[in-house]
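**Student:** My questions concern the predicted model and sequence given below.
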Number of protein chains: 2
Amino acid sequence: MNGNLILGGGGMIGQKLARRIIAQDLFPGQELTLFDRHFPPNGVEARQVTGDVSDPETARQLAAERPDVIFHLAAIVSGQAEADFDLGWDVNMMAMWHLLNALKAEHEVSGGTYRPRLVFTSSIAVFGGPFPDKIGDEFLSAPQTSYGAQKAACELMVTDFSRKGFIDGLSLRLPTICVRPGKANAAASSFFSGIIREPLNNKEAILPVSDSVRHWHASPRAAAGFLTHAAQLDTDLVKGRRALNLPGFSCTVAEQIEALRRAAGQKAVDLIRHEPDETIMGIVDGWPRDFAPERAIALGFEAEKDFDEIIAVYIEDDLTP
Amino acid sequence: MNGNLILGGGGMIGQKLARRIIAQDLFPGQELTLFDRHFPPNGVEARQVTGDVSDPETARQLAAERPDVIFHLAAIVSGQAEADFDLGWDVNMMAMWHLLNALKAEHEVSGGTYRPRLVFTSSIAVFGGPFPDKIGDEFLSAPQTSYGAQKAACELMVTDFSRKGFIDGLSLRLPTICVRPGKANAAASSFFSGIIREPLNNKEAILPVSDSVRHWHASPRAAAGFLTHAAQLDTDLVKGRRALNLPGFSCTVAEQIEALRRAAGQKAVDLIRHEPDETIMGIVDGWPRDFAPERAIALGFEAEKDFDEIIAVYIEDDLTP
């Protein structure tokens, strides 16, 4: 009972996760620590520690507290990892390497009794085309971005350190999280949220790709649910395959826009301006579109069943009236 | 025209590769350098340098010579990587990380003109069960050994550093190489060669698994051929999927033994003693058995068509009369 840790606890999903853990009293009596480079103003009642997750000494300090559950969400987003190669590999892969080795050292010092649950947010960016119509649970990981390669390399480490019993880890290949509240970020996927969020806030949104682009979505609420579910899952059930394709909803941008029309009318749709961006089109073109995530569904992971529900979650959880 | 480099040039395949490059005058007028921790006595007419490939400074020195083609064969074998976790990750993954970063630095110093071909020996150990009857080119990499995880992580790096144009790399998922000349090594797969090699040399051999075990083989000669073929391949043809399942021949241990009987008679077969080893059985049980390596075959990679041919290659290339 050493408490729990969210790396990347200052980010959007980290904050959602922290609030969910507290609201559901998921770890009764245990201290929750959020770690990040910086935190937005927030009313989350948890210890908030700032630092650099890619620093090996920081990893050792975090591991020395022997958290029972570690949620590792800290990352350089896809667009930035593509633009700054060294930074992406350093934060998205080497930080995991340092953390796993620090946890292994604690495991050994403890005489093998310390073996934390590690829940790592991987991504569907571990996949690269050409794709089948639906990506099954045995499809190869051939990423076409640095972000995807870094996430895939971390998955391999999480699985091997787990197989050896140093940790008990799971890698969750999150769908694109949509509708993200707040401002656009540097992720190439940012527009998938922007074209819904901005019009719902009476702002103009830019659509940089064709509306025939199909993609794979789940809400921030579903993401937080994936993470808490993974924290409590019996990992024997995954039979050594510790990287999971998670459920989501597949639709085209045109279908997203139709759902927006149903939720907020033509006035909202008229706020979307089509402004093609070759760079973003190129990145998104290499992304997966649809999945058959049978293993994760059998393991009890749940997401929204249509895009109307995804919009409803945003309106309920994040839209300020 | 800066010459070429074989990392792991003192090993069995490294030596075969060096002899093939020299015999075929594959890189006319270019100096060949072999690098390894140590070298067996050998008559290979190439520069032979000893050192530790996992040392970042060594990686920088090797990269500073700007070899045109780098064959990266240096590795801790599967059994040892399983027994010594830290050493395995250090040599099998971190050495690649240091090398790639050193090559990237040279690429940048050169103003982008230096972009070496890197041919990396990965392994079918990147796959873990359960398997389909034949593993296709789009089957997931879910290794069940540290060795396999390390090789798979390197593949991701080789591909991403190549995608960015810092190097031009290929990862070759070698079948189990059989019949290995010389002594048994610490690889769990060592017996696949031992049960053929020892009897052909009038020595007793230990078979630690059931003769119903099916596995995927190619000869050392085929391995050297894969490597030289990869060094000269037009990498545009792989369309960004730079890790290749190579051709081989699938057979059971019983079928290996039948081929031995055809080559050397019952007297040879009688030298095989069945002595089950639970550890080796456990490791081998998680290994792939058969492949449909369509991409590599289309790209012109070639291996033996039956096990008789594999034995014949050993007799021709390595058996001392």
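**Tutor:** Alright, I've got the coordinates. For clarity, every value in this text was computed on a predicted model and none was experimentally measured.

**Student:** Tell me, how many residues neighbour the spatially closest residue to A:Ala264 that is not a sequence neighbour?
**Tutor:** Nearest non-adjacent residue to A:Ala264, counting by C-beta to C-beta, 6 or more residues apart in numbering or on different chains: A:Leu200, 5.8 Å away. In this view, the C-beta of every residue, glycine as well, is placed from N, C-alpha and C. Other residues within reach of A:Leu200, judged by other C-beta atoms under 10 Å in any protein chain shown, total 19.

**Student:** Tell me how far A:Leu200 lies from B:Gly286.
**Tutor:** Distance, A:Leu200 to B:Gly286, by C-beta to C-beta, to the nearest Å: 50 Å.

**Student:** Could you do A:Trp97 as well?
**Tutor:** Taking C-beta to C-beta, one finds A:Trp97 at 24 Å from B:Gly286.

**Student:** Where does the residue of the stretch 1-150 of chain A found nearest chain B sit, in terms of helix or strand?
**Tutor:** Here the stretch 1-150 of chain A gets closest to chain B at one residue, A:Ala149, 4.0 Å apart by C-beta to the nearest C-beta. Using DSSP states H and E, A:Ala149 maps to helix A:146-163.

**Student:** Now do that helix: which elements does it pack against?
**Tutor:** Helix A:146-163 sits against helix A:78-83, helix A:85-89, helix A:95-109, strand A:117-123, strand A:168-174, strand A:243-245, helix B:146-163, with contacts defined as 3 or more C-beta pairs under 8 Å, 6 or more residues apart in numbering or on different chains; DSSP states H and E.

**Student:** Quick one: mean pLDDT for it?
**Tutor:** Across helix A:146-163, the average pLDDT comes to 98.

**Student:** residues of it that come out buried?
**Tutor:** Buried residues in helix A:146-163, defined by neighbour count with 16 or more other C-beta atoms under 10 Å in any protein chain shown: A:146-163.

**Student:** Quick check: closest non-adjacent residue to A:Asn4.
**Tutor:** Closest to A:Asn4 by C-beta to C-beta, 6+ apart is A:Val69, at 4.4 Å.

**Student:** Check which helix or strand the residue of chain A most remote from its centre maps to.
**Tutor:** No residue in chain A sits farther from the centre than A:Gly111, which is 32.7 Å out by C-alpha atoms, centre = their mean. Using DSSP H and E, no element contains A:Gly111; it sits outside every helix and strand.

**Student:** Chain B contacts on the stretch 51-200 of chain A?
**Tutor:** A:85, A:128, A:137-144, A:146, A:149, A:152-153, A:156-157, A:159-160, A:163-164 (C-beta under 8 Å from any C-beta of the partner chain).

**Student:** From A:Ile311, how far out is the residue nearest to A:Ala264?
**Tutor:** 8 Å.

**Student:** Verify the stated contact: the residue of the stretch 1-150 of chain A closest to chain B with B:Thr159.
**Tutor:** Yes: in this structure, A:Ala149 is within contact of B:Thr159 by C-beta atoms under 8 Å, at 6.6 Å.

**Student:** domain ranges for chain A?
**Tutor:** Here the domain parsing of chain A from automatic domain parsing is A:4-175+A:219-245, A:190-216+A:248-289+A:304-317.
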